[in-house]
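Engineer: quick one: sequence plus predicted model below, questions after.
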Amino acid sequence: MNLPNKLTILRVIMIPFFVLTLLYDGGENQTLRYVAAAIFIIASLTDMLDGKIARKYNLVTNFGKFMDPLADKLLVCSALICLVELKELPAWMVIVIISREFIISGFRLVASDNGVVIAASYWGKFKTTFQMIAVVLLIVGIPALSMVTTAVVWIALVLTVISLVDYITKNVNVLKEGKM
């Protein structure tokens, strides 16, 4: 159990605290929304940190390869679902985002079965960055930033679709029988 794996586990443990803090009192308590945003930011930073440490110090493990992306998806999907509950985000947008995650996970699973590793693309990294910024902006809900928040949400959605198309076009051979 190395440091990157401990950070991944910490991120998973933070999710229920984030959800409870955000949804407590129907999201009406602004102080708790700031606390929830802080928890989300800290959890998101552990995502960046665990990967950098694992690569820099050659601490990449099978556990980390499995749990890190799962922890990321759990964190972001939990936040998005909470934001639908709080009526801060339309459900159809969240369905698009979560669908993309399932599709890419499926691609990676099939590729892995064939000994192929599908690395994260720059589009995927941009998508993740904008999704996380959008989540924080939606959680804190500062009225003066409403236009910025809306723009960031739409950019995150567009990047979600672009990154999906990018993954599919670059890795279409994963779906072709016997063509690796």
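Structural biologist: Everything's here; your move.
Engineer: count of neighbours near residue 15?
Structural biologist: Applying other CB atoms under 10 Å, we find 18 residues neighbouring residue 15. In this view, the C-beta of every residue, glycine as well, is placed from N, C-alpha and C.
Engineer: that one: which element?
Structural biologist: Using DSSP states H and E, residue 15 sits in helix 3-23.
Engineer: in terms of secondary structure, what does the next helix or strand after that helix contact?
Structural biologist: For helix 3-23, the succeeding helix or strand toward the C-terminus, using DSSP H and E, is helix 30-56. Judged by 3 or more CB pairs under 8 Å, 6 or more residues apart in numbering; DSSP states H and E, helix 30-56 is in contact with helix 3-23, helix 62-85, helix 122-140.
Engineer: turn those into a markdown table, including distance to residue 53 and mean pLDDT.
Structural biologist: As requested, the helices and strands packed on helix 30-56 are arranged in a markdown table below (distance: least, CB to CB, whole Å; pLDDT from 0 to 100):
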| stretch | distance to residue 53 | mean pLDDT |
| --- | --- | --- |
| helix 3-23 | 5 | 97 |
| helix 62-85 | 10 | 92 |
| helix 122-140 | 17 | 95 |
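Engineer: closest one to residue 32 among the ones you listed?
Structural biologist: Closest to residue 32 of those, according to CB to CB: helix 3-23, at 5.3 Å.
Engineer: buried residues, that closest one. List them.
Structural biologist: By 16 or more other CB atoms under 10 Å, the buried positions in helix 3-23 come out as 4, 5, 7, 8, 9, 11, 14, 15, 18, 19, 21, 22.
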